[in-house]
Structures are given as C-alpha cells and as structure tokens.
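K.L.:
fold the following and give me the result.
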Amino acid sequence: MKKRFINSSFFVSILLSSVFLLPAISVLAQGGFTLSPVVTRGERVMAGEKGRFFTNGFGYLAGLSALNNQGDVVVMSEVGGRCIYGSYLISKERVIILADYFCHPSPIGAITTFSMANLNDAGQALVLARINHSFQGLFLYDNGSLTKIVAEGDVTPLNTTFKYVLSAFLPVGPTLNNRGEVAFAAITEDSNGQRQDGIFVYANGKIRKIVVDGDASPVFGKFGNLIDAHEPARINDKGEVLFCASSTSDDGKSISYGFFLATDTGIKKVIAVPDRLPIGGYFTSFSCIPDLNNRSEIVFTAGYGGTPDYPAAVILSSEEQLYTIASTGAPTPIGGKFSFRSINTIDKPRINNNSAIAFLAPIEGGSSSSAIFLASKKAMLKVVAVGDKLPAGEKVTFLNQFALNDNGQIAFFAFGRKGKPLGVFLATPVTPESSMIEIVQNGGAVELRVTGNSFITNDTTIEINGVTLEAMSYPEEAREDGGTTRQIISRDARLEQLLTPGQTVQVKVFNSLTNRRSEAKEFTR
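P.N.:
Got it, this is the predicted structure:
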C-alpha cells in the first residue's frame, strides 16, 4: 500500500497540510505505454473535507500545458464540500490548491470564477480568474502564493487600458514557459474607447507588447484582427511567441489569416491563406490553437476543402517546411482510417521538445472509434483508445482532453459508463527490450535482426557500440496493433566492419519517438 501526502497550499502564504491514505497505485501495461492513475473519481481533496474529485461529473485538465516534465498535472474539478470547485496541482506526493471558489481570496479580491492553470517545470502555474464578480485577473502561482500579472483596468505598455484578458471559461488560457514568462492575448482601449487587440508578454515583473492591430504584417498590409483575443498565444523557452491573426492589405481589398511567430529578429509568417498544404489543396481554415516547442517547430490543424464536410489534417512546420502528420482517410495504427470531417474533430495537437506530436482523432473501421496518438514525421503509436481498460479495470468510453510532456508522457481525462468521469491518468512510454540478436545471410547481404518488445514500426533503430545503423526495415509479419513491432532488421553496409567475428559488441535499440533506449545486450558474431 502506497501513501500519498496531500498538502493544501493556498496563495496568500498560508499553508494547510493533511495526510490521508489513498488506494495503492496500480499500473497497466498496454501496447507501447503503461497507464497509471493521477487522480480518480472519489478521491478526497484533503482530510476533514467532504470534497471529493469529480464526484458531481465536472472536471478537466486545466490548460494546454497541464502536464510538466516532473509528471505534475493541473486539473479543475467540482468537489462539493465547503469550496465547491477548484484548480489543483497534483504531484506524486501532494495536492496543492491553486485557486478555489469562495474559500480563499486572491491578492486583489475574492475569486468568483476561474479557468486555466497552465504549468511549467518549476511548478509555477497560471490562474486566470474573475475577481469580485466584476473584472478578470491573471495570476502566477509560485511556491504557495499568487502574484498578479495583469488585471482589467491596468495600464498597458501602449498607455491604453486592458479591458479584456481572454475568457474565464475558454479551455485554453495564457501560456507559460520554463523561465516564468507568460504570453497572453488581450483587448485594450484608449481614452476615446477605441479598441485594439494585442498579444503581450509578462517577464521579470514587466509587460511588453509583442504585436497589436495595425502593426505591419509579413503577408501584406497590417494585422487587422488578433482573433478577438480569444485564442492563446504560445511561448517557448527562447521567448518566441506563436499567435494567429488576420492581415488586411493597405487598400482593404485583400484579407488573409494564418499563424505567425514573433522572434528576436521580427515577426515571421508560418502559413497563411492562400498557401498550399503539403497534402495538396489550399490552406482554407484552421483551428487557432496551435502548439510550439523550443526548436521553433509548430503543429496545427488545417482544413483543405471547400465543402461543409471538408477534410482536415494535422500539420507540422519544421525548419520552414510543412509535413502532414495525419489526415482524413489516412490509415491509423489500429486499423481503419482517420475520419476528420473538419478542424473541430482534431483536438488541439501538442508538440514536445523531442518533436513528438500528440493528437486525439476519430476513426472509422478501426478497433476503436477514437484514440490519442503520439506521432512524428515517420511513425505513429497509439497511446490510449476508447474501449481500452484502465488500471482498475474500468473501460474508457470517451476521451476529450490530454497533455504532453518532453518525456513522451501523456496525461488524459477519461470517462466511463453513463458518461461518468473516471479521472486523470498518465500514459508512460515503455522502454524497448531486446530478447534475441542474430546475423543472417540473405541473398549475399548481411542482415542484423533484433527481436524483442515495444519496438516502434518505422521508428526504432539499432545501435552497435553507440553507432546508429541505417537501412532499417520492419517486417509486416512482426507488426502489432497500435504501431509496435516485435522485430527490426538492419541491412547497413557497415555491418561487416562493426561486427568483426569473435569480437563482443554492445547492442541497444532506440525509440526516437518516445526517446527511450534499451539496456545494452552483448553480442558476439
């Protein structure tokens, strides 16, 4: 039986602690991942309280970056009891209350509604809240307290006034990097009531402008609408900011919209109407919730048809090239085809700093109707699907939210029978294992065959004394449902040099998609 210690730390430098016993944490191995619970329906928020997580059916992951590299997760939940509902940071040994309704005030007043709480690796989190039923504020949680970043009514760097800082109920929220810098969208007004949308960054206690309506656009003319400040701006650890906006020509006759990246050298276009997509067809629509990593790579969803039932795709922008990761009608690792019918059927893809992309997709004709996948330009792996069993034996009936970290872990919210929330679970990639290594002469060519578990089709490579082999293949007969395979083969022309008869070498296999490497296995030819 494993104990978990639950601390309730709220943000006016008051710390309340309590300890209670939770059920033993169980782990279920499934395909390329193991599944373990983070917080499940019915767990107490803290000792002495009636409040329990998700008991009344309300709960979700709190933001696009709700999982960090330590495995900490931020959730929002209706808990009943004295505080009704709250936003919670859940780590391996404790639960911290970031914000809750009624019980604890913010530094500038009572919290009456609140929303996202995106998280970084330092354990800092964002809290976007309405204060005293009257205005919104954005706060940074750090080490037990909240610091105000911005509130409606504050003066902007443009000497105007912040009038609207996103929405307390949108499932996105401002974003936070590992340096504690925050990117957010807002509406401002001047003294004459003239509105101006903008993207801003908070850093080192100050707010600076990134872009506002009327600034020059790299497409043509000027930026005309920063999506009404309703969508998130993404910020990476280099301080680059990704945003979506429209551009209007100087004569007002041409309008374009797309994604842009603000860098140290200026604002660069990622893609904008009427650019062509790598899958063919023109970029006609998009979900304005893209993601950005520290390599300046961007993942987004795009529509490329002109009908109401238009096809859609997950697109990667990397080193000024576009790649299709998944699209309507393409085969899936669990059989059938992706059945994207619009950009709204692809749930906010994520990308980590290992260039791995996670997305949730509907499927026709496969072993499940919906699944979360982890993918790259060359491979794709099922993470969890509707119909899969969780560690306690419940069956997943619905998936709707997830988060990704740099370790290839995916936190996801699962629902069970009758639409009841089961809780938040963590999918962790399995480390590959080699069970047999052999040299085979095939038509005069030398092959190195490695058999084992949790290899990834089109992704796993073999290493001999640290040298990565090329000319890899993945036999059809060894492939498994979900994207894994039991055997990989290399026909690298260097095998004769690397495998000298009588010499013992160290052989490893490496899954680049999940960044997992096997233990070394000795082999002598």
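K.L.:
surely A445 and I489 touch.
P.N.:
No. Counting by CB atoms under 8 Å, I489 is not a contact partner of A445; they are 10.7 Å apart. (Glycine included, C-beta is placed from N, CA and C.)
K.L.:
skipping its backbone neighbours, what lies nearest the residue sitting furthest away from the middle of the chain in space?
P.N.:
With CA atoms, centre = their mean as the measure, the chain has its most outlying C-alpha, relative to the mean C-alpha position, at G502: 47.7 Å. Ranked by CB to CB, 6 or more residues apart in numbering and with sequence neighbours excluded, the top spatial neighbour of G502 is T524, at 6.8 Å.
K.L.:
ok, the one you found touching Q506?
P.N.:
No. The criterion here is CB under 8 Å, and T524 misses it with Q506 at 11.0 Å.
K.L.:
counting neighbours, what do you get for A183?
P.N.:
By the criterion of other CB atoms under 10 Å, A183 has 26 neighbours.
K.L.:
whoops, T34 was the one
P.N.:
Neighbour tally, T34, other CB under 10 Å: 16.
K.L.:
hmm, it is touching T428, no?
P.N.:
Yes. T34 lies in contact with T428 (CB under 8 Å); the separation is 5.1 Å.
K.L.:
what sits against the closest residue in space to S91 that isn't next to it in sequence?
P.N.:
Leaving out its chain neighbours, the residue that sits closest to S91 by CB to CB, 6+ apart is D72, at 4.5 Å. By CB atoms under 8 Å, 6 or more residues apart in numbering, the residues touching D72 are L89, I90, S91, L119, G123.
K.L.:
tell me which residues form a beta bridge with the fourth one?
P.N.:
L119 has the following beta-bridge partners by DSSP bridges: A125.
K.L.:
returning to what we had before: of the contacts of D72, which pair is most distant in space?
P.N.:
I90 and G123 (11.5 Å; CB to CB).
K.L.:
just name the shakiest helix or strand of this protein by mean pLDDT.
P.N.:
Within the chain, no helix or strand scores below strand 14-20, which has a mean of 29 by mean pLDDT, DSSP states H and E.
K.L.:
so which elements touch the longest strand along the chain?
P.N.:
Longest strand of the chain, by residue count under DSSP state E: strand 445-456. Contact partners of strand 445-456 among helices and strands, from 3 or more CB pairs under 8 Å, 6 or more residues apart in numbering; DSSP states H and E: strand 433-442, strand 461-464, strand 484-490, helix 495-498, strand 504-511.
K.L.:
given it, what are its sheet partners and their directions?
P.N.:
Going by DSSP bridges, the partners of strand 445-456 are strand 433-442 (antiparallel), strand 484-490 (antiparallel).
K.L.:
contacts for it, please.
P.N.:
Taking CB under 8 Å, 6+ apart as the rule, strand 445-456 contacts 32, 379, 381, 430-441, 462, 464, 469, 474, 478, 483-492, 495-496, 499, 507, 509, 511, 513-514, 516, 518.
K.L.:
what about 7 Å?
P.N.:
32, 379, 381, 430-440, 462, 483-491, 495-496, 509, 511, 513 (CB atoms under 7 Å, 6 or more residues apart in numbering).
K.L.:
cool, stretch 51-62 as well?
P.N.:
Contacts for stretch 51-62 (CB under 7 Å, 6+ apart): 39, 41-45, 74-81, 83, 85, 87, 116-117, 401, 403, 411, 413, 420-421, 423-424.
K.L.:
same question, stretch 504-519
P.N.:
Contacts of stretch 504-519 (CB under 7 Å, 6+ apart): 354, 356, 374, 376, 379, 381, 408, 429, 431-434, 437, 450, 452, 455-456, 459-465, 488, 499, 520-524.
K.L.:
try stretch 195-215
P.N.:
149-150, 157-158, 160, 181-189, 222-226, 228-229, 233, 235, 241, 243, 262, 267.
K.L.:
quick one: end-to-end distance for that stretch.
P.N.:
14 Å (CA to CA, to the nearest Å).
K.L.:
next one: it to chain centre, how far?
P.N.:
Computed by CA atoms, centre = their mean, to the nearest Å, the separation of stretch 195-215 from the middle of its chain amounts to 24 Å.
K.L.:
same check, this time on stretch 89-101
P.N.:
With CA atoms, centre = their mean, you get 20 Å for stretch 89-101.
K.L.:
can you pull the buried residues of it?
P.N.:
Residues of stretch 89-101 classed as buried by neighbour count (16 or more other CB atoms under 10 Å): L89, I90, S91, R94, V95, I96, I97, L98, A99, D100, Y101.
K.L.:
how about stretch 395-415?
P.N.:
396-397, 399, 401-415.
K.L.:
again, but for stretch 436-449
P.N.:
Those would be I437, V446, E447, L448, R449, for stretch 436-449 by 16+ other CB under 10 Å.
K.L.:
which one of the strands paired with strand 445-456 lies closest to I289?
P.N.:
strand 484-490 (29.6 Å).
K.L.:
what residues does the closest one touch?
P.N.:
Counting by CB under 7 Å, 6+ apart, residues outside strand 484-490 touching it are 31-32, 447-457, 460, 462, 469, 471-475, 478-480, 509.
K.L.:
so for it, mean pLDDT?
P.N.:
The average pLDDT for strand 484-490 rounds to 97.
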